[in-house]
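Student: Here's a sequence, model it:
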Amino acid sequence: MVSSMNSRPAHDTERRPLIAASMLGADHGRLYEAAVAARDAGVDFLHIDVMDGRFVPNIAFGPGVVRSLNDVGVPMIVHLMVDEPERHVSSFVDAGAAYVTFHLEATRHPHRLLQETRRLGARAGLAINPGTPVDAVTELLSAVDLLLIMTVNPGFGGQKFIRSVLPKIRRAAELLATANPQAFLEVDGGISAETVADAVAAGSTVLAAGSSLFSSGDVAAAVDTLRSRCAGERG
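Tutor: Next comes the predicted model:
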């Protein structure tokens, strides 16, 4: 088992929000090179989407991919978009995930699975789809290390940011400020130079960006652009 509980970037106002490079948006034939480019550009996390073809219509990335990216040296958020995630958490923790995030909609016993994820040695994340109200996770917030709000319908990269989710991000930020202020609030889907300021203004502290980073041809410049837009929002 790989214990990753200390693999956590600083959570303070100077580093907020953090950037997670979503590897779904990279060239899947050159994932390692893309991860190194993201690391060298200064991202805070690698975001690894796992899809089973059931919970979402696509299929992507298994524990072997996580294991192969371990020595890049960037903490990995594994995002399980799978049915019955309790069947898979341990294999991704063993592969080296710093965080394992699963969907509320995909399991009957989310609180138990949050506890189990931590027991196995990773930090525990909980995700909700655009159509799931954030109040559905109120009783679970004290048990999460990360809450992920989907700003697209999960399953494919390159989708358009759903702006109607912004009030839900604001509500999630308010709830976390009271229940668990140390937890990260991640947004995933359609994050780009055009949308990042709105996500930051709504309260997100981790931004998962894929297509906007890797399709640009210059990952470092794309990361710099996101950070400058974030800094402008904070200012």
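
Student: If you count residues, where's the longest helix of this protein?
Tutor: Within the chain, and with DSSP state H defining each element, the longest helix by residue count is helix 219-234.

Student: elements contacting that one?
Tutor: Under the contact criterion of 3 or more Cβ pairs under 8 Å, 6 or more residues apart in numbering; DSSP states H and E, the helices and strands touching helix 219-234 comprise strand 18-22, helix 31-40, helix 196-202, strand 206-209, helix 211-214. Using the backbone N, CA and C atoms, a C-beta is placed for each residue, glycine as well.

Student: what packs against the last one?
Tutor: It refers to helix 211-214. Under the contact rule (3+ Cβ pairs under 8 Å, 6+ apart), helix 211-214 is packed against strand 18-22, helix 219-234.

Student: Ok, the fourth one next?
Tutor: In this structure, strand 206-209 packs against strand 18-22, strand 76-81, strand 184-188, helix 196-202, helix 219-234, with contacts taken as 3+ Cβ pairs under 8 Å, 6+ apart.

Student: ok so, going back, buried ones in the longest helix of the chain?
Tutor: Residues of helix 219-234 classed as buried by neighbour count (16 or more other Cβ atoms under 10 Å): 219, 222-223, 225-227, 229-230.

Student: Please apply the same query to stretch 173-193.
Tutor: By 16+ other Cβ under 10 Å, the buried positions in stretch 173-193 come out as 173, 175-176, 179-180, 183-192.

Student: which two from the residues you listed end up farthest apart in space?
Tutor: Every pair in the buried residues of stretch 173-193 was compared (Cβ to Cβ); the two farthest apart turn out to be 179 and 192, at 30.0 Å.

Student: Restricting to C-alpha, output the longest strand anywhere in the chain in PDB.
Tutor: Longest strand in the chain, counting residues (DSSP state E): strand 45-52. What follows is strand 45-52 as a C-alpha-only set of coordinates in PDB (Å, rounded to 0.1, in the frame of the first residue of the first chain):
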ATOM      1  CA  PHE A  45      -1.900  18.100  -9.100                       C
ATOM      2  CA  LEU A  46      -2.400  15.600 -11.900                       C
ATOM      3  CA  HIS A  47      -6.100  14.800 -12.200                       C
ATOM      4  CA  ILE A  48      -6.600  11.200 -13.500                       C
ATOM      5  CA  ASP A  49     -10.100  10.400 -14.700                       C
ATOM      6  CA  VAL A  50     -11.200   6.800 -14.500                       C
ATOM      7  CA  MET A  51     -14.200   5.700 -16.500                       C
ATOM      8  CA  ASP A  52     -15.900   2.300 -16.800                       C
END
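
Student: model confidence over it, on average?
Tutor: Rounded to a whole number, the mean pLDDT of strand 45-52 is 97.

Student: Tell me how far the worst-scoring helix or strand of the chain on mean pLDDT lies from the chain's centre.
Tutor: The element with the least model confidence among the helices and strands of the chain, by mean pLDDT, DSSP states H and E, is helix 219-234, at a mean of 86. Taking Cα atoms, centre = their mean, to the nearest Å, the mean C-alpha location of helix 219-234 is offset from the chain mean by 18 Å.

Student: now for the host helix or strand of residue 177, which elements pack on it?
Tutor: Assigned by DSSP states H and E, residue 177 falls within helix 166-179. Using 3+ Cβ pairs under 8 Å, 6+ apart as the contact criterion, the secondary-structure elements in contact with helix 166-179 are strand 146-150, strand 184-188, helix 196-202.

Student: Go through those and name the closest to residue 88.
Tutor: With distances scored as Cβ to Cβ, the stretch of those nearest to residue 88 is strand 146-150 (16.4 Å).
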